[in-house]
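Visitor: any chance you can model this:
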Amino acid sequence: MFKKPVIIILLNTLVTLGALGVVVYTQVLYQRPKITEGQERKRITERETEEKSLAGERGIVSIDDINVNIKPSTEMINGVKKETEHFARFTLSLELKDIQKQALFDKVKPIFMDELIAHMSKKSFDALTSVQGRYLLRNELVAMGNKLIEEPILMNAYFSEFIVQ
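Guide: Numbers count the residues shown, from 1 in each chain. This next block holds a predicted model:
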């Protein structure tokens, strides 16, 4: 009988001391390394240099005049639900790590275009008219292309024309 309360008190004390030790270490003792602009610039330069040494001559693949219907928006006008049809028109340029690998993209270009149209038809007007939405779309298109090619040769997507109506 007497041993149970002593064991419980010891366990509570150990847990409390452990938690206190974690708090003291994370809040008082541990010092995060300071991030300076110079360090970040150096790290970015090293990464870019490494990427350039691994890749060949970069290139651009352009896809002109893409017209796509996007997800209709709905709004209530005088208690009546009204759907408004929208479309997007844009010109897309994809940056390749190595222009010698353009043939890999050319092989999957029809599939890429089909998936692009399907993907865009799910996008809302609000998503495509925001800066964040277009940035997200760029990343999605690069990921979609690299997945189709099965090799990460696409680096970035650029829009030279982007109209949503």
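Visitor: the longest strand in the protein is where?
Guide: strand 59-77 (DSSP state E).
Visitor: gap between it and the chain center?
Guide: Distance of strand 59-77 from the chain centroid (Cα atoms, centre = their mean, to the nearest Å) equals 19 Å.
Visitor: tell me the secondary structure at Glu151.
Guide: coil (DSSP: H, G, I helix; E, B strand; the rest coil).
Visitor: list the residues that contact it.
Guide: Lys101, Leu104 (Cβ atoms under 8 Å, 6 or more residues apart in numbering). Quick note: C-beta positions are derived from backbone N, CA and C, even for glycine.
Visitor: for Asp98, see how far away it is.
Guide: Remark: distance between Glu151 and Asp98 (Cβ to Cβ, to the nearest Å) = 10 Å.
Visitor: coming back round to it: what's in contact with the longest strand of the chain?
Guide: Strand 59-77 is contacted by residues 81-96, 98-99, 102, 105-106, 109, 113, 116-117, 120-126, 128, 158, 164 when judged by Cβ under 8 Å, 6+ apart.
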